[in-house]
Every structure is written in C-alpha cells, then in structure tokens.
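Undergrad: Sequence first, then the predicted structure, then my questions.
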Amino acid sequence: MVDHDSRRDFSRVETHIDVEIECEGKIFGGRLIDVSMHGIGGSSGKILPLQGECLVRLFLGEPRESSICILANGKIVRSSEHGFAVDFTEIDLDSFEHLRNLVRMNAENVSQVEGEFKEHLGLKKPTDA
C-alpha cells in the first residue's frame with residue numbers, strides 16, 4: 001500500500017523484510033512494515049531508544065545469509081510497544097541504489113515513485129541557490 005501525502009517527499013511502500021537496528025551498543029531485531037527513501041517503520045516487540053542514533057541493516061534475503069544488505073545511519077523518531085520509525089540520516093551509494101530498487105519493486109504506483117526520484121538529487125529536495 002502506498003501512502004503519499006503532501007508532507008512527504010517520498011512515498012512509503014509496504015514491505016515485510018527483516019531489519020536489525022544497532023543503537024547504544026544493543027542490537028534490536030524486527031520486521032519492516034513500510035519503507036521509503038527517507039526511512040522505515042516496523043515492529044520489534046521492544047521499545048527502542050527514542051531519538052537514538054542508530055545503524056540500520058535491511059536484509060534483502062534470509063538474514064545473515066544474503067550478501068545484499070542495505071546499510072543506513074538513522075535516528076529513531078518513534079518508538080513504542082506498537083512499533084518504531086527511523087529517519088535515515090546517511091546512506092552510501094550502493095545501499096541507496098538497493099533502497100531505490102526495493103521501493104520501486106514494492107510500489108503500487110511505479111510512475112509516481114519514478115517521478116519522486118527525478119524530483120530529488122538525493123534524499124532531500126534541492127534548494128534554490
């Protein structure tokens with residue numbers, strides 16, 4: 001399910017892959033509910049440290065068996081017993097391309113997602129100089 005409203009630069013797409021979040025020396029396992037070019041939402045059964053800086057690993061295949069993994073630095077912006085949300089703060093080029101492909105492959109409206117990619121140079125809208 002694509003959720004796109006006027007406050008978002010990128011659509012969120014539903015996906016259910018494994019995620020690992022490393023924060024404050026602890027590793028939290030979980031499952032994604034949705035993903036966008038800006039971040040993720042998921043559930044883990046644990047409450048993650050709110051506003052904590054973290055390393056996110058999205059496993060594209062069986063966890064720890066697949067050589068393809070999306071790595072991103074992020075900040076935990078929502079955390080409760082019902083789920084979590086992480087905003088990405090930094091992502092390398094290879095992971096960025098894997099993330100784009102993940103979003104594209106799970107999008108209901110691929111042309112909308114492609115348009116969003118074309119409007120942005122990276123994760124943020126370009127500003128007028």
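TA: Nice, thanks for sending it over.

Undergrad: So residue 28, which state does it fall into?
TA: The three-state label given to residue 28 by DSSP: H, G, I helix; E, B strand; the rest coil is strand.

Undergrad: which other residues reach the lengthiest helix in the chain?
TA: Ranked by residue count, the top helix of the chain under DSSP state H comes out as helix 93-106. Residues from elsewhere that reach helix 93-106 (C-beta atoms under 8 Å, 6 or more residues apart in numbering): 10-11, 13-15, 17, 35-37, 58, 60, 68-72, 91, 110, 113-114, 117, 122. To be clear about C-beta, it is placed using only N, CA and C from the backbone, and glycine gets the same treatment.

Undergrad: From those, list the buried ones, please.
TA: With burial judged by 16 or more other C-beta atoms under 10 Å, the buried subset of those is 10-11, 13, 15, 17, 35-37, 58, 60, 69-70, 72, 91, 113.

Undergrad: what angle sits between the worst-scoring helix or strand of the chain on mean pLDDT and helix 93-106?
TA: When the helices and strands of the chain are scored by mean pLDDT, DSSP states H and E, helix 110-119 comes last with a mean of 72. If you take axes from the mean of the first three to the mean of the last three C-alpha atoms, to 10 degrees, helix 110-119 sits at 150 degrees to helix 93-106.

Undergrad: Can you work out which other helices and strands pack against helix 110-119?
TA: helix 93-106 (3 or more C-beta pairs under 8 Å, 6 or more residues apart in numbering; DSSP states H and E).
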